[in-house]
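[1] how would this look folded up:
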Amino acid sequence: MSANKYLEELSVEQLINKYNFIVPEIQREYVWGNNDQKILDKFFTDIKEGIEETSLSAEDRLQVEMFEKMLLKADNKDKESIAKLMDTYLSKKDMNIGFLYSYKPGYYVYNDVNEDVYLIDGQQRFTTLFLSLFYFALKEQENYQDFIELFKFDPKIEKIGFDYRVRTLTHNFLIELLAKCKTLEDLIDIKEKTWFLTDFAFDVTVNSMAQTFIKLHEFFREDDKKYYQFIKKQIKFWHFKTEETSQGEELYITMNSRGQQLADNENIRASLFENEQVKKQQIEWGAKWETWQDFFWQHKEANGNADFGLNQFLKWVNIIETFSNHIFKTREEAERKYKSLINDNQLLDYVTLFEIEPYFKALDALMSYHKAGSFDSSYFRSNFSPDWMKSEMSQINLMKLLPALMYLKSNQDAEKMNRFVRFFSNLTYDIDIAKNPDSSVIDAIRLTSLFLKKGYSDIIDIVEFKKEYARFLSSEEVFKLNYFKTQGDLRFDTEKAFWIAEDFQVPRGKIGHLIQMTMFDGNYSLFSFNRWSYIYEAISNFSFEKFKAVSLLYREAINNEAEIWGNLINTEMYVKDVDRLSVAGSWKVNNSILRMVLERFTRKEEKLIDYLISKERAFVKLYKDDGELRAESDPQKQLFLYYILHKRILNKWAWRNWNFGMYDGDDYLDYDSLFNRNFIYQFFNSQWRYNVGYQRGAGIWLQDNYERKRNYFSELIAWAN
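    Predicted coordinates:
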């Protein structure tokens, strides 16, 4: 093992004994199971070859088996010593499969047992090994219980040492998988099992995991070697623990930008000055080089090194020139090349001093615009400043910066450049683009290159490339750009209204729901937003004034979520299951909220609070008397009535969460209800368990403070009328 505490060579067993690995939300889906590029074939072939090459001698195997027996009988104080002795035998035959990067989440508190860490690079390999270990634990039945203990699986509290915890559907699948599959027969054809929900089949990660088991069975069904202990003990990673930080998502995006610094400037300079044309103008080019170094010295970090900024800049130029002028056979080949330029700093593949000079002029212009305040803040989703050169650039910021340098190299019109950068800046807030920074930066360079080679300067002309770059030029982006074309002198005011809507933190740059609402001119209760494949109507159907009004109403609703959410209990915003009532995942673009906004648009001057109370009163009036209210058996409607009672009648507003677990109250005689059909409701954040004793007092106030002589429903009806 390395003496460096941040970098250790560890086996799968050692890793999972030390940490609880969590795949963060911003990580991309697990996709190896789809096996499009035959990745699993290669990976499993490597394992087959690895177990042959790392096979222990008969003598060593007997020794290891003896150690394993000793471990079973040893006291805790002796186990570590025995394990280290066993590792000395096994380490002779290790199979290292690369780096694993992790960081500690912001909530982390050291507890002397296991650390929760987020897995930010190596997810595909580690997930595949986790699935492989489970497969072999079932295939080699003697290892099943070892697997359950190794990964700390506890079905009662839904805990597991390797988890997609922040992705509820994937998390639920893993819990069900380990709980329901106890033999290899259970695992085969899991998609046909009754516990395999329909929703599982449409989840990319779950589907890929299921495919991985199919591929494992194809590869190893007839193989009688014992792979479980080999994978567990002899497959190792170099585990790199990044500095503890609360900026985990940004760290993920910047991960591939962290490489060795470029070669020493003097070596770079010497190489660049070997060019025959440069040799003829040594004095002129020498003076230019000195000017560049002075520039980066002026903009270096306090007590920093001027070389860092220059090295960064040269890296940017090389990346731009590589992907602007070189065609790669496949996307995978292009991404490999990109990683090598980011990490291995193959600086001079496509760059000479003649290419560098115009980019330096572009960077100088960019800095001048910044100093002069030429950037209108409306154009930028995040800070666009000289800090670029003071630290390693995140790749998602490279997607803004590199197209800006390319644009300024050809055209130094500040207003047009602002619009151009705004387009890419907004795209970086798309979670799918941020998840795949390598591909996104490459596409941004190629799209900019095509745009400039056509002689274009106005961003609205980029729509010409919508077929080649549909991932950047969605129907929403094309609509907005085409609409800007029609605005003439009003264009900036129009753009600004769109940008304000995009900058609102909730939609992450996506405003398709607002555009669709503007075009909808029917019964608001029928409005349905399709976020995946919507087709925009003709621009002539779009009302800019209505868009501004709807945008303001939407913003008001989201900013007052603590007020509005109760009115959404009895809507499709809530998903009802047997034992729970939970808020839909992406509730802020849920049709229930959008319909509320549209209805408010039709009721012009009404204040939000008056609108909400009128909706609540209208709902209560659906019941003719307190007897009908008491007879309500639908849990969703019951909860809405509880909400109105607490909010408007009792002034006992202390509901802490918006997700509810439900019990059948008839099973618990010490609970009571206002309704004939007695449900017990309790709050939960993300996970719900059958644990009524533990959760006592976590329910809504009225359940624990029911006054039998008081007629709450009569009071409610009086209030409504």
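[2] Can you tell me how far the closest residue to residue 647 other than its chain neighbours is from residue 644?
    Take residue 647 and drop its neighbours on the chain: the residue closest to it by CB to CB, 6 or more residues apart in numbering is residue 653, 5.8 Å away. Every residue, glycine included, has its C-beta placed from N, CA and C. Using CB to CB, to the nearest Å, we find residue 653 at a distance of 11 Å from residue 644.
[3] And for residue 707?
    Distance from residue 707 to residue 644, by CB to CB: 18 Å.
[4] Between these two, which has more neighbouring residues?
    Higher neighbour count among residue 707 and residue 644: residue 644, with 23 against 8, using other CB atoms under 10 Å.
[5] Helix or strand next in line after whichever strand or helix holds the more buried one, which one?
    Residue 644 is located in helix 635-644, with elements delineated by DSSP states H and E. Counting by DSSP H and E, the next helix or strand C-terminal to helix 635-644 is strand 659-664.
[6] Tell me which residues are up against the helix or strand just after that following strand.
    As assigned by DSSP H and E, the chain's next helix or strand after strand 659-664 is strand 679-684. For strand 679-684, contacts defined as CB atoms under 8 Å, 6 or more residues apart in numbering pick out 580-581, 635, 638-639, 642, 655-657, 659-665, 668, 671, 673, 692, 695, 698-700, 703.
[7] For ChimeraX, write a command that selects the buried ones of these.
    To isolate the buried members of the contacts of strand 679-684 in ChimeraX, using 16 or more other CB atoms under 10 Å:
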select :580,581,635,638,639,642,655,659,660,661,662,663,665,671,673,692,695,698,699,700,703
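[8] For the nearest residue to residue 272 once chain neighbours are set aside, give me phi and psi.
    Spatial nearest neighbour of residue 272, chain neighbours left out: residue 353 (5.2 Å); criterion: CB to CB, 6+ apart. Dihedral pair for residue 353: phi -60, psi -30, per degrees, to the nearest 10.
[9] so who does residue 353 touch?
    Contacts of residue 353 (CB under 8 Å, 6+ apart): 272, 273, 275, 278, 285, 288, 289.
[10] Counting neighbours, what do you get for the fourth one?
    Right, residue 278. 16.
[11] next one: the second one
    Neighbour count for residue 273, taken as other CB under 10 Å: 14.
[12] The fifth one too?
    Under the neighbour criterion other CB under 10 Å, residue 285 is assigned a count of 20.
[13] Next: the last one.
    Neighbour count of residue 289, defined by other CB under 10 Å: 18.
[14] Repeat that for the first one.
    Look at residue 272: counted by other CB under 10 Å, it has 19 neighbours.
[15] quick revisit: tell me which entries of the contacts of residue 353 lie within helices.
    If you go by DSSP state H, the contacts of residue 353 have 272, 278, 285, 288, 289 in helices.
[16] Quick check: residue 181 touching residue 190?
    Yes: using CB atoms under 8 Å, residue 181 is in contact with residue 190, at 7.0 Å.
[17] Now do the shared contacts for the two.
    Counting by CB under 8 Å, 6+ apart, nothing touches both residue 181 and residue 190.
[18] Mind naming the longest strand for this protein?
    strand 95-103 (DSSP state E).
[19] for the chain, what spans make up the strands?
    Going by DSSP E, the chain shows strands at 7-11, 19-22, 95-103, 115-121, 162-163, 235-241, 574-576, 580-583, 659-664, 679-684.
[20] who wins for proximity to residue 411 among these?
    strand 115-121 (37.5 Å; CB to CB).
[21] Quick check: which helices or strands does the closest one pack against?
    Contact partners of strand 115-121 among helices and strands, from 3 or more CB pairs under 8 Å, 6 or more residues apart in numbering; DSSP states H and E: strand 19-22, strand 95-103, helix 248-254.
[22] again, 10 Å this time
    Judged by 3 or more CB pairs under 10 Å, 6 or more residues apart in numbering; DSSP states H and E, the packing partners of strand 115-121 are helix 12-18, strand 19-22, strand 95-103, strand 162-163, strand 235-241, helix 248-254.
[23] quick one, which of those is packed in tightest?
    The highest average neighbour count among the helices and strands packed on strand 115-121, using mean count of other CB atoms under 10 Å, belongs to strand 162-163 at a mean of 24.
[24] hmm, who's touching that strand?
    For strand 162-163, the external contacting residues (CB atoms under 10 Å, 6 or more residues apart in numbering) are 12, 15-16, 19-23, 116, 119, 126-127, 129-131, 133, 150-153, 170-171, 174-175.
[25] now the closest residue in space to residue 655 that isn't next to it in sequence: how far from residue 394?
    With CB to CB, 6+ apart as the criterion, residue 655 has its nearest non-adjacent residue at 6.5 Å, and that residue is residue 700. Distance, residue 700 to residue 394, by CB to CB: 44 Å.
[26] How about residue 79?
    As judged by CB to CB, residue 79 and residue 394 stand 43 Å apart.
[27] ok, the two, which is more surrounded?
    residue 394 (21 against 14).
[28] sorry, back to before: what's the angle from the longest strand of the chain to strand 235-241?
    30 degrees (axes from the mean of the first three to the mean of the last three CA atoms, to 10 degrees).
[29] for the record, mean pLDDT for strand 95-103?
    For strand 95-103, mean pLDDT rounds to 78.
[30] Partner strands of it and their direction?
    With DSSP bridges as the test, strand 95-103 is paired with strand 115-121 (antiparallel), strand 235-241 (parallel).
[31] So for residue 544, which of those strands sits nearest?
    Using CB to CB, the strands paired with strand 95-103 put strand 115-121 closest to residue 544, at 42.4 Å.
[32] related to what we said a few turns ago, select from the strands paired with strand 95-103 the stretch with the lowest mean pLDDT.
    strand 115-121 (a mean of 79).
[33] Now do it: distance to the chain's middle.
    Taking the mean of its C-alpha atoms, strand 115-121 sits 14 Å from the chain's own mean (CA atoms, centre = their mean, to the nearest Å).
[34] Using CSV, write down the CA coordinates of it.
    Coordinates of each C-alpha in strand 115-121 appear next as CSV, following Å, rounded to 0.1, in the frame of the first residue of the first chain:
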residue,chain,number,x,y,z
GLU,A,115,-17.2,6.1,6.1
ASP,A,116,-19.9,7.1,3.6
VAL,A,117,-18.2,8.2,0.4
TYR,A,118,-19.4,9.2,-3.0
LEU,A,119,-18.0,7.2,-5.9
ILE,A,120,-17.1,9.7,-8.7
ASP,A,121,-14.9,7.7,-11.0
